[in-house]
Every structure is written in C-alpha cells, then in structure tokens.
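Colleague: fold the following for me, if possible:
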Amino acid sequence: MRRPTALRMDELGISGYYVKPLEWSQIAEISIHKDYPNNGFGYLLRIGIKLADPDAFMKGQTLWQRLNMRHLARKSGFHITIRPILEQEVSFAGIVQQAKTLQAAAAEQAFEN
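Modeller: All right, here's what the predicted structure looks like:
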C-alpha cells in the first residue's frame, strides 16, 4: 500500500503526511534533489528540506523519526524529504517555487514586525 501524499503550504509554514508542521523560520533550505536508490539504477526526484535547527525540531519527534532524519541528513544532506507527487497534478519545481515565495514573504513580515 502506498502512503498518501498530502502537503499544505501557507503563510505560516508547511506540513503534511511526510512533514510535521514547520514554520518557515525553521527551514534553512527547500529544494529538489535526486535520491539514488540502493540498487543504483536510476533516481527519484524528491523535495528536500534542510532545517535551520534540526536538534530543536527533533526534540518533539519519536526515536524512530529522529533516527530517520539523521540518516536522511547523512545520505542526502536534507533532514526531511517529500516523496514523488504526481507530475500531472503539480510539478516539484512549482511546489519549491511556491514554498520559497511563501518563506520569503514570512521573513519579510517577521522583519516588519
């Protein structure tokens, strides 16, 4: 059974099935990366999220989630990855661009306050 892919992004942050709620200020980088499977054949595109302070975020996670995040960070350089989403519905590039726009707007709003 495949897990559902659900992703929410708004002016406050990002969350979904694969992403616990994160505020934009907690995200250092969000981009597309290539994930090479263990068999070495081909690759999958994923959305990768690097956290600004991974240790603070991990305090609220289960042991399994913390281990998984550390493994992902060593393997890919990203603490959280979002699995492939149907390209017909929306592209990764579109999602990443929207996320960067929302993150920039949140940073600007925080600066004004």
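Colleague: just the CA atoms of whatever helix or strand Met69 lives in, as CSV, please.
Modeller: If you go by DSSP states H and E, Met69 is part of helix 63-76. Below are the C-alpha coordinates for helix 63-76, written out as CSV (Å, rounded to 0.1, in the frame of the first residue of the first chain):
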residue,chain,number,x,y,z
LEU,A,63,13.1,8.0,18.4
TRP,A,64,12.4,6.4,15.0
GLN,A,65,11.7,9.8,13.4
ARG,A,66,15.0,11.2,14.9
LEU,A,67,17.0,8.3,13.6
ASN,A,68,15.3,8.6,10.1
MET,A,69,16.1,12.3,10.0
ARG,A,70,19.7,11.8,10.9
HIS,A,71,20.0,9.0,8.3
LEU,A,72,18.5,11.3,5.6
ALA,A,73,20.8,14.1,6.5
ARG,A,74,23.9,11.9,6.2
LYS,A,75,22.6,10.3,2.9
SER,A,76,21.2,13.3,1.1
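Colleague: neighbouring contacts of the helix or strand following it?
Modeller: Using DSSP H and E, the next helix or strand after helix 63-76 towards the C-terminus is strand 80-82. Residues from elsewhere that reach strand 80-82 (C-beta atoms under 8 Å, 6 or more residues apart in numbering): 5, 7, 16, 18-19, 33, 35, 46-49, 51, 69, 72. Any C-beta I mention is one placed from the backbone N, CA and C, and that applies to glycine too.
Colleague: now for these: which two are most distant?
Modeller: Farthest-apart pair in these is Thr5 and Leu51; separation 20.6 Å (C-beta to C-beta).
Colleague: tell me which of those two has more neighbours.
Modeller: Leu51 (19 against 14; other C-beta atoms under 10 Å).
Colleague: quick one, phi/psi of that one?
Modeller: The phi/psi pair for Leu51 (degrees, to the nearest 10) reads phi -90, psi 140.
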